[in-house]
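Engineer: Quick check, what structure comes out for this input:
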Amino acid sequence: FFIGSFLSNCGISYNPERLVNSLPSNKTIERAVEDNAVSNILLTQDAIRKNLFVYICADKGNKKGNKKISKFICWYNQSEEKVRTFLIDCDCTDESTADVAAALNHSLRRVFPSDVSVTVYGQCTDSGCGRKYALQKALKDLEIAPEEYLVATCLLHNLQTMLRNAVVTVLGEGGQDENGNYVMNVMQMLHGAYNIQNYHKNEELKRLWTYLDPEIESQKFKLLKEPVLTRWWLVGACACSFKESMTQWKLICSSIQNLAPSGSACSKIASCTLNLIEQKVIVNDLFLLCAVHKFFIFPHFKYLQLGDRDVRNTPTFQAQHLLLQYFLMYNDIQEMKDSWENNEKFSKYKESLSLLDAEEKMVQNKKRTNIFVIMENSLHKHFGIWAGQLLFLSVYLNQPSASLVVRRVIRGRMGRRQEDVVSYYDEDHKKTVNLQKFKLFLEEYVRTEAINDTRNLPLVKNNAAALSLVADRIDMWNVSIPALIKL
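Structural biologist: As a prediction, the model looks like this:
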């Protein structure tokens, strides 16, 4: 069909029967798929033999009552010098952690070479695959997880949780109350606009939009993202899209309210949404959401999707940089708390705040403060592991950050050296790092227990000479010193 359509569009004549007969048969396609699957399995098994340090990444979902878990294995392919991932399967599973572990064990045995015992050295999941340490214990009970086992959770989920906790606690979720009345808050305004968009087919809404505002007739109509609080950056994306076209949405809601049958769902939603758009406090909340999204959520979400250039940029595999990322996120929250008034991303919020009366301003200021506090608390809860159990990974940071970390771990203090610089531009984060602030961060959030645990790791005990070089600001990524190559 597609080939025939392409040829027709190009004005090329062809014989439909001969075109169909030239295509491979169902059996041929089936054999090609089977051959490709077998080849992938054999290549994966060969790569695992060369590097037995394999990790699992799993995520559970529920679509139309079917509870499935997607299971990946991840490892460093030595011949390609790159982190590789391989999707084993996406099968149904039960709810309990023990059942999830059993499903993982079954899938791993299908892909591991028969001459290699099934062992995984770490995991990355969200809370949907069993509580993270409970899954670790279940895998150990099955004797496929060693004592030295690394546990991490999805950073993109964790970043979204920071926003979700703050929005739900301070601004509310939207929806309806126990009496069936719509809740009057900014989230309901976004849900209302999105629902109106769904009540009218795309083309119908587009015609209505351009009819109401001829000046934007030539502009492309952009649908709102559904503002789902559990789906990463969708709330911020929806808020920003709505903010840019709020005048048009106001006209749309007014038109629907006047034209739609009285008492219809569409009329009720339009009326509620219009009411919310006309409330200055709600609009101020919207501008705050947009500012937080643009200054904090979007840039950090974008970074966490990137890869590490030292392992060929496989997306999201960048564990060595995450202690510094934790610090940079912490630093940005402090900047929002202390200097939001001078931040360009908060200019519209500041302007709309000035339009409120004194009592409203007091309430809005409390909201903003509480949002930043909740975000900071969530940051420490979900990213603190990179300053704790996974602290050892940060010895592989870029210099001079790596030097500060190693001096903190090995010597217990960082001190002040004459050659220490005040700040530097980190090529991976694309940000300037204030080393004095980073020092203070390490002193406060890298606890003594984490330092002692890291010192007792074989990695640290067996590489003392190499770590001393790192402490002296030798860049392990740009030298050929045997001790650093071993590290």
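Engineer: So what does the residue lying closest to F112 once chain neighbours are set aside look like in phi/psi?
Structural biologist: Nearest residue to F112, sequence neighbours excluded (CB to CB, 6 or more residues apart in numbering): V118, at 4.9 Å. (Glycine included, C-beta is placed from N, CA and C.) Per-residue torsions, V118: phi -70, psi 110 (degrees, to the nearest 10).
Engineer: Same question for the one 4 residues further on.
Structural biologist: Backbone geometry at G122, expressed as degrees, to the nearest 10, gives phi 180, psi 170.
Engineer: OK, contacts around the nearest residue to it once chain neighbours are set aside?
Structural biologist: Residue nearest to G122 in three dimensions, not counting chain neighbours: L150, with 3.3 Å by CB to CB, 6+ apart. Residues in contact with L150 (CB atoms under 8 Å, 6 or more residues apart in numbering) are 55, 121-123, 389-390.
Engineer: ok so, going back, surely the residue nearest to F112 touches L108?
Structural biologist: Yes. With contact defined as CB atoms under 8 Å, V118 reaches L108; the gap is 4.9 Å.
Engineer: Which one (most neighbours) among the contacts of L150?
Structural biologist: Across those, neighbour numbers were computed from other CB atoms under 10 Å; Q123 holds the maximum, 23 neighbours.
Engineer: Okay, now the sheet partners of the one helix or strand that one maps to, with direction.
Structural biologist: Q123 is part of strand 122-125, with elements assigned from DSSP states H and E. Strand 122-125 has its sheet partners listed here by DSSP bridges as strand 55-63 (parallel), strand 150-153 (parallel).
Engineer: So the residue lying closest to N313 once chain neighbours are set aside versus Y425, what's the distance?
Structural biologist: In space, N313 comes closest to G307 once its chain neighbours are excluded; the distance is 3.6 Å by CB to CB, 6+ apart. Distance of G307 to Y425, given as CB to CB, to the nearest Å: 20 Å.
Engineer: Moving C-terminal from the strand holding Q123, which element do we reach first?
Structural biologist: Next element after strand 122-125 (DSSP H and E): helix 132-141.
Engineer: that older thread, and G307 and Y425? Which one has more around it.
Structural biologist: G307 (16 against 10).
Engineer: Run a quick check on the more buried one versus P315, I expect a contact.
Structural biologist: Yes. Between G307 and P315 there is a contact at 4.9 Å, judged by CB under 8 Å.
Engineer: ok, residues contacting the strand holding Q123?
Structural biologist: Against strand 122-125 from outside (CB under 8 Å, 6+ apart): 55-59, 132, 135-136, 139, 149-154.
Engineer: returning to what we had before: out of the contacts of L150, which two sit at the greatest distance?
Structural biologist: Spanning the widest gap among the contacts of L150 are Y55 and Q389, at 14.7 Å by CB to CB.
Engineer: how many neighbours does R407 have?
Structural biologist: R407 - counted by other CB under 10 Å - has 21 other residues nearby.
Engineer: oh, and call the first residue 420 from now on, that's how I've got it
Structural biologist: Got it, first residue is 420 now, which makes that one R826.
Engineer: Surely it and V889 touch.
Structural biologist: No. R826 is beyond contact range of V889, at 9.0 Å (criterion: CB under 8 Å).
Engineer: Using CSV, list the CA coordinates for the one helix or strand M608 maps to.
Structural biologist: Per DSSP H and E: M608 is located in helix 605-618. Presented in CSV, the C-alpha positions along helix 605-618 are these (Å, rounded to 0.1, in the frame of the first residue of the first chain):
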residue,chain,number,x,y,z
VAL,A,605,-5.0,25.9,39.0
MET,A,606,-4.8,22.2,38.3
GLN,A,607,-8.6,22.1,37.7
MET,A,608,-8.2,25.0,35.3
LEU,A,609,-5.6,23.0,33.3
HIS,A,610,-7.8,19.8,33.4
GLY,A,611,-10.8,21.9,32.3
ALA,A,612,-9.0,23.3,29.2
TYR,A,613,-7.7,19.8,28.4
ASN,A,614,-11.1,18.3,28.7
ILE,A,615,-12.7,21.0,26.5
GLN,A,616,-10.0,20.1,23.9
ASN,A,617,-11.1,16.5,24.1
TYR,A,618,-14.9,17.3,23.9
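Engineer: Just the mean pLDDT for that helix, thanks.
Structural biologist: For helix 605-618, the mean pLDDT works out to 83.
Engineer: Summarise which helices and strands it is packed against.
Structural biologist: Applying 3 or more CB pairs under 8 Å, 6 or more residues apart in numbering; DSSP states H and E, one finds that helix 605-618 contacts helix 653-663, helix 665-678, helix 684-696, helix 699-711.
Engineer: and it, which residues are buried?
Structural biologist: 605-616, 618 (16 or more other CB atoms under 10 Å).
Engineer: what does stretch 477-496 give?
Structural biologist: Those buried within stretch 477-496 under the rule 16+ other CB under 10 Å are 477-479, 487-488, 490-496.
Engineer: tell me how far the ends of it are from each other?
Structural biologist: 20 Å (CA to CA, to the nearest Å).
Engineer: do the same with stretch 735-746
Structural biologist: Stretch 735-746: ends 18 Å apart by CA to CA.
Engineer: Show me the contact partners of that stretch.
Structural biologist: So stretch 735-746 is contacted by 493, 502, 571, 574-575, 719, 722-727, 729-730, 798, 802-803, 805-806, 809-810, 812-813, 815-817, 820, 824, 845, 847-848, 852, 856-857, 860, 864 (CB under 8 Å, 6+ apart).
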